[in-house]
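> everything below, folded, please.
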Amino acid sequence: MSEAAPLSTAPSPSGASPRRRLTALVVKEFAQIRRDPSTFAIAFALPLLLLFLFGYAVSLDVKKTKIALVIEDSSAPSRSLATSYANSPYFDVTPLRAIGPARDAMAREQVRGIVVIPGDFGTSVTKGHPADIQIITDGSQPNQASFIAAYADGVRQSWMAGELGEKTGSARTPGPPIDVSTRIWYNPALQSRFFLVPGSIAVVMTMIGTLLTALVVAREWERGTMEALLATPVRMTEFIASKVVPYFLLGLASMALCTVIAVTVFALPLRGSVLTLLAIASAFLMPSLGLGLFISSATKNQFVASQVALLSAFLPTFLLSGFLFEIASMPWPIRLITYAVPARYLIPALQTVFIAGDVWAVILPNIAIMLGFGFFFFFLCFRTTRRSLDS
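Now for the predicted structure:
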């Protein structure tokens, strides 16, 4: 009998059922996981690190940004507006009397923006004329400059709305012709952690599913245990399943840990059901595990497999999945590439089940696409493993 035959076409011996062989292989894989501390570090310690990093250290919310407030007018409306800026949670205000010191402070990066209340501000407000202010931002950091300008103008608009409300009974100051009522759904406080934490969970699932499984078959070749497996009556499906089942369960356990931390520590709402979350995680683990096993079977080297997994799974998840960068704002060639990233379909599903609930019109198409990727990668894995074992 040839070496490859047992794994491909050999019949089962009468004394060993397929279930017993599969159970023995799964137990063997769990034993290897238990002997490798790095596996537990990646599966449980690294998720905690990433969650706390993206939940606390990384924040897209602009708060307590240092700005200079130049007050060129001493009227009551000017002082009232200045108080509104000082009380805003978004700004750390340094009051000044002239624009020159404010420019110097911005050049030295002591402040990131300047708000100027001009000398005729109080007179314009009293007469009911349009009262303008000047907002100057540091364009060397475009995103922060846009946030500062928007928040500074928001403080002015809120203050003006309050002033108009106090003068409603005055015939001299008519009310605004349009009353805009803004209502934000799902994330009223606009906290960035509400989409950063689900995104970090996607990164964790990618690392467990792809990075860990990218090493399993390559490890067998490097340690010389693959030759022993070749001499056994193990079929291809049993061999692949024995590599998938332990890491599938490990991925679900890590997902459960991340969910508990997200809900209890970061106060992330879980408005959907746990079963829906389980279905989403299971669907994503299919392409993630399939890609990892395909890489491992094709490379047969742990170092090469880890580098390929990093380039083909981790970096695309981090950069092209919509986790940190909005896909709609990317150039169209890059947007086309994002359709080939499985995590692109995991993140909106996670954000939906956490923040909005079980919105099946969003969740089901993403699950179907992830399962399609999974079948494709496992097909490649079977073909690559068959060739490598028959060679």
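> what's in contact with the one helix or strand Leu346 maps to?
For Leu346, the host element (DSSP states H and E) is helix 343-351. With contacts defined as CB atoms under 8 Å, 6 or more residues apart in numbering, helix 343-351 is touched by 194-195, 198-199, 201-203, 205-206, 277, 280, 284, 316-317, 320-323, 327, 338, 362-363, 365-367, 369-370. C-beta here means a position set from N, CA and C on the backbone, and glycine is covered the same way.
> buried ones among those residues?
With neighbours counted using 16 or more other CB atoms under 10 Å, the contacts of helix 343-351 contain these buried positions: 194-195, 198-199, 201-203, 205-206, 277, 280, 284, 316-317, 320-323, 327, 338, 363, 366-367, 369-370.
> mark which of these are part of strands, please.
With strands taken from DSSP state E, there is no overlap with those.
> the residues you listed in helices, which ones?
194-195, 198-199, 201-203, 205-206, 277, 280, 284, 316-317, 320, 338, 363, 366-367, 369-370 (DSSP state H).
> quick check: which element contains the closest residue to Val244 other than its chain neighbours?
Excluding its sequence neighbours, the residue lying closest to Val244 (CB to CB, 6 or more residues apart in numbering) is Leu289, at 5.3 Å. Applying DSSP H and E as the criterion places Leu289 in helix 274-299.
> and the residue nearest to Val244, what does it touch?
Under the criterion of CB under 8 Å, 6+ apart, the contact list for Leu289 reads 209-210, 213, 244, 247-248, 251, 374.
> now, which of the residues you listed sits nearest Leu293?
Thr213 (5.3 Å; CB to CB).
> so what does the strand or helix carrying Thr384 touch, helix or strand wise?
In this structure, Thr384 is located in helix 360-390 according to DSSP H and E. Using 3 or more CB pairs under 8 Å, 6 or more residues apart in numbering; DSSP states H and E, the elements in contact with helix 360-390 are helix 5-8, helix 236-264, helix 274-299, helix 343-351.
> please repeat the previous calculation with a cut-off of 6 Å.
In terms of contacts (3 or more CB pairs under 6 Å, 6 or more residues apart in numbering; DSSP states H and E), helix 360-390 is packed against helix 274-299, helix 343-351.
> give me the neighbour count for Arg219.
18 (other CB atoms under 10 Å).
> now it: how far from Arg335?
Relative to Arg335, Arg219 is positioned 37 Å away (criterion: CB to CB, to the nearest Å).
> what does Ile208 give?
For Ile208, the distance to Arg335 - CB to CB - is 27 Å.
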